[in-house]
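*Asks:* Here you go, sequence then predicted model.
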Amino acid sequence: MSLKTEIAGRLSAIGLVVALSLSACATPMTNDPDARAELAAINDPWEPFNRAMFEFNRALDRVLLKPVAQAYRGVVPDFGREMVKNFLDNLRSPVILANDILQGETDRAGETGSRFLANTTVGLGGVFDVTDIEFHNEDFGQTLAVWGFGEGPYLVLPLLGPSPVRDTVGLVGDTLMDPVMWYANRTDRYAISWVRYGMRAIDTRSRNIETLDEIERGAIDFYATVRSLYRQRRADEILNGHPPQSVPMPEISWDEDEQAEENQVSAVAK
């Protein structure tokens, strides 16, 4: 199967399922202005579909991902899990580097390139992190945000979780830029991609077991809480952890009478 056919097939299948589901359960609009404003702020017009996918993902997590992640953490020692994380981070570095460049982040691109080169060679393929350069994540969804594209409606994908329209397009962009995916498809070694995605999911879940449990226990509406936290995290990633800087406004007097009075006072003083 060719790379083009593989990508087209996957995207067509996902797109068909999502499109049919969204068209069947879009949230109806209301005539209440306050309610309309609230819906616009939340930007979740496909909430019935999203909640269904959210519950599907939760069920899958309960019966499969969380137990596997707990077993993984119980069997593999800390240093072993750290080596796995290092290796997975290193595999993603080319995609991060490409997005650093696309965002015009030359300093961060240099850090990513240096880190990838050192860890791939001295670090034995990335198993060991031999640099003092902190790992950072970039993706094409963030790149689109930097370019000025809006988030779009909130969306929850099966298996993948929260992924608003902009981030869903970003997933496609990252896939097309991923050399591991290209190699796996061109050599018919599709298992490479699936094993990597599976290990990333298990590793990430194993590092957040207690955190997610605590969030779920304290949430009145777990779905709404996750939606809010996801957006906060993405906003922080887009800004690279820096709060937005406000531009100081010049002090301008718009009152002509006030300005004339000040001029008269100044003339008398002279």
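*Replies:* Happy to help now that I have it. Numbering: from 1, shown residues only.

*Asks:* can you pull out the strands in the stretch 151-270 of the chain?
*Replies:* Assigned by DSSP state E, counting those that start in this stretch, the strands in the stretch 151-270 of the chain fall at 156-157, 161-162.

*Asks:* Give me the local confidence score for residue 8.
*Replies:* Per-residue pLDDT puts residue 8 at 45.

*Asks:* residue boundaries of the helices in the protein?
*Replies:* With DSSP state H as the criterion, the chain has helices at 3-24, 33-42, 47-60, 66-75, 78-102, 106-121, 140-146, 165-177, 179-186, 190-206, 209-218, 222-238, 256-269.

*Asks:* quick one, which of the ones you listed is nearest to residue 134?
*Replies:* helix 106-121 (8.0 Å; Cβ to Cβ). In this view, the C-beta of every residue, glycine as well, is placed from N, C-alpha and C.

*Asks:* now that closest one and helix 78-102, what's the angle there?
*Replies:* 140 degrees (axes from the mean of the first three to the mean of the last three Cα atoms, to 10 degrees).

*Asks:* Now for the nearest residue in space to residue 159 that is not next to it in sequence: which residues touch it?
*Replies:* Excluding its sequence neighbours, the residue lying closest to residue 159 (Cβ to Cβ, 6 or more residues apart in numbering) is residue 57, at 6.8 Å. Residues in contact with residue 57 (Cβ atoms under 8 Å, 6 or more residues apart in numbering) are 156, 158-159, 161.

*Asks:* The nearest residue to residue 86 once chain neighbours are set aside: what's it in contact with?
*Replies:* Spatial nearest neighbour of residue 86, excluding adjacent residues (Cβ to Cβ, 6+ apart): residue 129 at 4.9 Å. By Cβ under 8 Å, 6+ apart, the contact list for residue 129 reads 86, 119, 123, 135.

*Asks:* What is the nearest of the residues you listed to residue 215?
*Replies:* Using Cβ to Cβ, those come closest to residue 215 at residue 135, 23.9 Å.
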